[in-house]
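Engineer: okay, predicted coordinates and the sequence, questions at the end:
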There are 2 protein chains.
Amino acid sequence: MNNLKTNPANIEVGVVGIGLMGSSIIVSLLASGHQVKAIAPIQSDFDGAAERIADHLKICSRAKLLRDSVSACLDRLYISMDYGCLSDCRLVLECVIEDVDIKSKVYRQITDAVSASTVIASNTSAIAITLLQKLVSNPERFIGIHWAEPAYATRFMEITCGDITDPKYASWVFKLAHKWAKEPTLLRKDIRGFIANRLMYAVYREIFHLIENGKTTMVDADKAFRYDVGSWITLMGLFRRIDYTGLADHAEIFKNLFPHLSNAENVPDIMQKIVADNCRGIQNLNGLYHYSTEEAKEWEEAFAAFNEDIFRLAALHPAPVSEKESELA
Amino acid sequence: MNNLKTNPANIEVGVVGIGLMGSSIIVSLLASGHQVKAIAPIQSDFDGAAERIADHLKICSRAKLLRDSVSACLDRLYISMDYGCLSDCRLVLECVIEDVDIKSKVYRQITDAVSASTVIASNTSAIAITLLQKLVSNPERFIGIHWAEPAYATRFMEITCGDITDPKYASWVFKLAHKWAKEPTLLRKDIRGFIANRLMYAVYREIFHLIENGKTTMVDADKAFRYDVGSWITLMGLFRRIDYTGLADHAEIFKNLFPHLSNAENVPDIMQKIVADNCRGIQNLNGLYHYSTEEAKEWEEAFAAFNEDIFRLAALHPAPVSEKESELA
């Protein structure tokens, strides 16, 4: 990498792993103007990858998220099982399964193909960046880039430094992410669960505790959270909500309520039981809720549609958060 | 009350307190078809109340949330400072300030005017229903009905029983709430902070802990939560999200992460300092964020607009949660 410019038209990006998430990330990159080299590490990723990506691009096009035509985007895509074609990439995104051994092998093949300053990023949400970093030569160019599904229609992105990530690469990825129409966050330290997930785990610890103690039900908690928090979170975020509804009131309630919140360390019984019963949620129609085949399909479709709608809605109400506020010093 | 029917056209409802929240609740009730008796307990509530309510009704009408005309709705409204006009109400909603002594006086005036079986409800979000219940004669007809602002364009509603609330009234209010286009939750036990607020306090405990430990910043946490959680919460709620993204993965992360979550009992230093400095958020332009006068106004307007949009969006993607699932047994 000779410079840290951020014009997607001049930056070739590699993506290793063309499953559901990888395909969706590729579409986001193509939509942003990048040349993309997509590597299928296994045959099942290769099969049907072109169709998957074309299908996503058509959805993007219908949703008016593409500046170019679908065919112009596809012209910028090259799919292969040969890591060698990554040689000119300035950034390579790994999106293979959450298995350290497999990721390690993938990193070796990437680093064999690219320059020593090519930034290598993992989409992991489960494994510490500092740990994965140790598996890569020139580890200062390794970083976490955590996308949300579908990658081309969500603004969320968590960029996470490992202990020895060079801040100049973090800063570059952070700027580049804005070209992908993201509202990225930059985690200077690699904390477990990153931010958004970790905060939701605090919610789950509390709600399972309340349910196990007979204080409420899953259905009721879902409704309350959906229709209360859902009605302001996308617009206001956490802290503007406090500014809006009352600082002193919040401080007073913190004082009264924090001592009553759950400090549980164990996996809730409900979850232990359901996992032991091999319930796999939407996938096998049995989870915390039950689903008919039709309902499972409806949920998949509703999620895709909702995501597109909330993406547009968030764009209608941009909060005055400037890129600068969050940049690396 | 001779029966527990739920046709709004046949149910006269009283609202005591015509501030911002009270006005907005009155509009929701008028839009649902009720006759409404609005009591201004203080002169400042009375002044301008008719205009405030008419303004909200016009907003409703423009947003196509009214079945009748604005004037037809206003014809069903009577505003007074005389509690005596509540005599025919089957339900009276108290929305005065969060002060037990003031509420107590208000309850005495309501109970002097209504029948012994008129349901009396508080919109409190800060005081226990079981405590307020003790201030009311025939306390079995007392209940919490917690609305979100703006009441006519939010689906959220928490209905909370006190220790001695008669379930038949809770069931009646729960059914009636569906006529108000709400997705109500019914808390059988009166827990501190109800559900939605309480879960958010678990989030605040964790995020202030991370910020105070230099792990992230307010701006980054806001972005992550807005764009991740905001992209699914309104549609999926808490538990379907687990079903959708993986039960076993969640259980594994619970095991690893719960022991690392904050168990803090104290008010975060950031909040203590800011309250001591008399920062009052949007109200005096100084809060966790700072605001210009124009920005504060923009936020108010954006919130009103967003709320209307997310209300519509939620209606486009109704989750298959039936009323029955959540009803009192």
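Structural biologist: Cool, the structure landed. Predicted model only: the values in this text are computed from it and were never measured.

Engineer: hang on, A:Phe194 packs against A:Leu187?
Structural biologist: Yes. With contact defined as CB atoms under 8 Å, A:Phe194 counts as touching A:Leu187 (6.2 Å). For the C-beta atoms, the positions are set from N, CA and C on the backbone; glycine is no exception.

Engineer: what's the overlap in contacts for the two?
Structural biologist: A:Gly144, A:Glu158, A:Thr160 (CB atoms under 8 Å, 6 or more residues apart in numbering or on different chains).

Engineer: now, which of those residues lie within strands?
Structural biologist: Applying DSSP state E to these, the entries found in strands are A:Gly144, A:Glu158, A:Thr160.

Engineer: now narrow those residues to whatever sits close to chain B.
Structural biologist: Residues of these in contact with chain B (CB under 8 Å from any CB of the partner chain): A:Glu158.

Engineer: need the three-state assignment for A:Ile120.
Structural biologist: Per DSSP: H, G, I helix; E, B strand; the rest coil, the secondary structure class of A:Ile120 is strand.

Engineer: in CSV, list the shared contacts of A:Phe194 and A:Leu187 along with pLDDT, neighbour count and distance to B:Ser71.
Structural biologist: What follows is the shared contacts of A:Phe194 and A:Leu187, written out as CSV (pLDDT from 0 to 100; neighbours: other CB atoms under 10 Å in any protein chain shown; distance: CB to CB, whole Å):
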residue, pLDDT, neighbour count, distance to B:Ser71
A:Gly144, 96, 26, 59
A:Glu158, 92, 26, 52
A:Thr160, 93, 26, 58
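
Engineer: what's the worst-scoring helix or strand of chain A on mean pLDDT packed up against?
Structural biologist: In chain A, the helix or strand scored least confidently by mean pLDDT, DSSP states H and E is helix A:293-316, which has a mean of 82. Applying 3 or more CB pairs under 8 Å, 6 or more residues apart in numbering or on different chains; DSSP states H and E, we find helix A:293-316 packed against helix A:233-245, helix B:233-245, helix B:293-316.

Engineer: A:Asp45: which of those is closest?
Structural biologist: Nearest of the helices and strands packed on helix A:293-316 to A:Asp45, taken as CB to CB: helix B:233-245 at 20.5 Å.

Engineer: got the contact list for A:Asp45?
Structural biologist: Residues in contact with A:Asp45 (CB under 8 Å, 6+ apart) are A:Gly17, A:Ile18, A:Gly19, A:Gly22.

Engineer: state the pLDDT value of it.
Structural biologist: At A:Asp45, the model reports a pLDDT of 90.

Engineer: how close does it get to chain B?
Structural biologist: A:Asp45 sits at a distance of 20 Å from chain B (criterion: CB to the nearest CB, to the nearest Å).

Engineer: give me the phi and psi for the residue lying closest to A:Cys89 once chain neighbours are set aside.
Structural biologist: Setting aside the residues directly before and after it, A:Cys89 is nearest to A:Gly14 in space (CB to CB, 6 or more residues apart in numbering or on different chains), at 4.0 Å. The phi/psi pair for A:Gly14 (degrees, to the nearest 10) reads phi -100, psi 150.

Engineer: measure how buried A:Gly14 is and give me the count.
Structural biologist: A:Gly14 is flanked by 29 other residues according to other CB atoms under 10 Å in any protein chain shown.

Engineer: partner residues bridging it?
Structural biologist: Per DSSP bridges, the residues bridged to A:Gly14 are A:Lys37, A:Val92.

Engineer: residues contacting it?
Structural biologist: By CB under 8 Å, 6+ apart, A:Gly14 lies in contact with A:Val36, A:Lys37, A:Ala38, A:Ile39, A:Leu86, A:Cys89, A:Leu91, A:Val92, A:Leu93, A:Ile110, A:Val114.

Engineer: per-residue pLDDT, it?
Structural biologist: Note on A:Gly14: pLDDT of 98.

Engineer: only C-alpha atoms, please: export the helix or strand encompassing A:Leu186 in CSV.
Structural biologist: Element membership for A:Leu186, per DSSP states H and E: strand A:183-187. In CSV, the C-alpha atoms belonging to strand A:183-187 read as follows (Å, rounded to 0.1, in the frame of the first residue of the first chain):
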residue,chain,number,x,y,z
GLU,A,183,-21.8,5.0,10.5
PRO,A,184,-18.8,3.1,11.9
THR,A,185,-17.6,3.0,15.5
LEU,A,186,-13.9,2.7,16.2
LEU,A,187,-13.0,0.5,19.2
